[in-house]
Every structure is written in structure tokens, then in C-alpha cells.
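Visitor: fold the following, please.
(chains A and B)
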Amino acid sequence: GDSVTQMEGPVTLSEEAFLTINCTYTATGYPSLFWYVQYPGEGLQLLLKATKADDKGSNKGFEATYRKETTSFHLEKGSVQVSDSAVYFCALGPYGGATNKLIFGTGTLLAVQP
Amino acid sequence: EAGVTQFPSHSVIEKGQTVTLRCDPISGHDNLYWYRRVMGKEIKFLLHFVKESKQDESGMPNNRFLAERTGGTYSTLKVQPAELEDSGVYFCASSQDPGQGSGYGYTFGSGTRLTVV
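Guide: All right, here's what the predicted structure looks like:
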């Protein structure tokens, strides 16, 4: 079945460091791909999305490109801030059929130190 | 607009007891979803309501879990009797229009952290 694999954390970085969180997926169709973020004490928030191959999603300095050839959707940011400390979840979304469920990865905890 | 509201935010119960979680979706959102994250693992889909009807309940782990959405507004998720492995964070989400690729239309609540001791 469909699945998402993302790198295990925690990832600990210093402020202004470059961030990459790897995400690969397995899907029989052509899903949409998402990154969600959960800040401490808050709910899941959509960070960015891409709906088809070669699309690049971007938001708040974060980027991810939908790579069909490598079945990947890695999250990157050029310069992280302490406020980026959160848990990041990669997910693939519904395609066809009536089910609209999201399939998530295990989440990666990012800790940014000043 | 008000977001998706879940309560309680935390619940600690003993094994064998009953717990009821509540989710209030965004007004007008016909689609309501429950998800669960067991400690350190992925967030897993539990079920999907369209108004008061269960569209997909394939993720419900067993018959100790009962979800309802009477009147198509708020939803409850009851666990009876609770077991240790039920501990985790239960998320609710709502969306207005399913459609294909509607995952980005989701709004999630803050979750209920359930601890069964």
C-alpha cells in the first residue's frame, strides 16, 4: 500500500544553518504531497504542498520539490531560526476514489539552537 | 473564523475506563476526520465523516472505538474500555469540499493527548 518514509530525528541545528529533511513515498497513483508542521502546543498546520511532478511548494522560506523519478519530496530551508523548532510531517494525499485520507510519515523533530 | 476545536486537550485515565473525545469542526465543513499518533510513530487515519455518515472507517483499530457525528456537526470518539496501547495524540480535522487532492483543504485541531495508565 501507499506509504511515506521520512528521516528520523531529532535534527539539531544551529541558527542560520541549512536544513534538509528527507521524505520518500510509495504510491500506486499520482498523489499530492504535503509538509505539515506542528509547533509546540499547537495543531498540525499545512506548511506547503505540491500537486504534480516537478511542482515546487514553498512557504516561510521552506521549499520542497515533487520528484517523481526519485519518489521524493525533501524539505529544505536555507537558514533556520529558533522559531522553526517543531515536528515536521511529510504526507501524501488523496487521488481518485472517495477516500480523502492523508498518509503521514513518522515526523521529524527539529530543534534549532541559538 | 473559529478553527477546529478539540477537548479535552489532555486526558489521563486508567486501563479499563471509558473516555470520550470531542471535536468541533469549522462551521459549514461537511467533512470531518479523525487521526491518531501513537508515541513516536506516524499519524494514522482513523475515519472520515461526510456530514453524519461514515464515509470511510477503515482505520478504526477495533470495536473498542466508537465514533459518532449526530446531526452532522460535532463528533465524538469514545474508547471503551481503554487499553494501554490506546495512548497517543488524537487529531481531528475538517474540510469543506472533499474533491481530489483536497488534503490541502484540511484544518486540524490541536489534538487530545490521551494517556492510559
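
Visitor: going forward, measure contacts between C-alpha atoms and count neighbours the same way
Guide: Noted.

Visitor: and the most centrally placed residue in chain B, how far from chain A?
Guide: By Cα atoms, centre = their mean, chain B has its centre lying nearest to residue B:34, at 3.0 Å. Distance check for residue B:34 against chain A: by Cα to the nearest Cα, to the nearest Å, it reads 10 Å.

Visitor: and the closest residue to that residue other than its chain neighbours, backbone torsions?
Guide: In space, and not counting its chain neighbours, residue B:34 is closest to residue B:92: 4.6 Å by Cα to Cα, 6 or more residues apart in numbering or on different chains. Here is the backbone geometry of residue B:92 (degrees, to the nearest 10): phi -120, psi 150.

Visitor: okay but residue B:92 is in contact with residue B:4, surely?
Guide: Yes. With contact defined as Cα atoms under 8 Å, residue B:92 reaches residue B:4; the gap is 7.5 Å.

Visitor: who has more neighbours, those two?
Guide: Neighbours per residue, other Cα atoms under 10 Å in any protein chain shown: of residue B:92 and residue B:4, the larger number sits with residue B:92, 33 against 24.

Visitor: contacting residues for that one?
Guide: Each residue near residue B:92 by Cα atoms under 8 Å, 6 or more residues apart in numbering or on different chains is listed here: B:4, B:6, B:23, B:25, B:32, B:33, B:34, B:35, B:108, B:109, B:111.

Visitor: one step back: give me the common contacts of residue B:92 and residue B:4.
Guide: By Cα under 8 Å, 6+ apart, the residues touching both residue B:92 and residue B:4 are B:23, B:25, B:108, B:109.

Visitor: just put these in CSV and tack on secondary structure and neighbour count.
Guide: Below are those laid out as CSV (DSSP: H, G, I helix; E, B strand; the rest coil; neighbours: other Cα atoms under 10 Å in any protein chain shown):
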residue, secondary structure, neighbour count
B:23, strand, 26
B:25, coil, 28
B:108, strand, 26
B:109, coil, 24
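
Visitor: who does the helix or strand hosting residue A:49 pair up with?
Guide: Residue A:49 is part of strand A:44-50 when elements are defined by DSSP states H and E. Strand A:44-50 has the following sheet partners, assigned by DSSP bridges: strand A:33-38 (antiparallel).

Visitor: and the residue nearest to residue B:39 when sequence neighbours are not counted, how far is that from chain A?
Guide: Sequence neighbours aside, residue B:88 is the residue nearest to residue B:39 in space, at 5.8 Å (criterion: Cα to Cα, 6+ apart). Here residue B:88 is placed at a distance of 13 Å from chain A (Cα to the nearest Cα).

Visitor: beta partners for residue B:88?
Guide: residue B:114.

Visitor: show residues contacting the lowest-mean-pLDDT helix or strand in chain B.
Guide: Lowest on mean pLDDT, DSSP states H and E among the helices and strands of chain B sits strand B:107-108, with a mean of 89. Contact partners of strand B:107-108, identified using Cα under 8 Å, 6+ apart, comprise A:43, A:44, A:45, B:3, B:4, B:91, B:92, B:93, B:94, B:95.

Visitor: how far does that strand sit from its chain's centre?
Guide: 11 Å (Cα atoms, centre = their mean, to the nearest Å).

Visitor: quick one: strands adjacent to it?
Guide: With DSSP bridges as the test, strand B:107-108 pairs up with strand B:88-95 (antiparallel).

Visitor: most surrounded residue in the contacts of strand B:107-108?
Guide: residue B:92 (33 neighbours).

Visitor: distance check, that residue against residue A:38.
Guide: In this structure, residue B:92 and residue A:38 are 14 Å apart, going by Cα to Cα, to the nearest Å.

Visitor: so the residue nearest to residue B:39 is in contact with residue B:35, correct?
Guide: No. At 10.3 Å, residue B:88 does not count as touching residue B:35 under the criterion of Cα under 8 Å.
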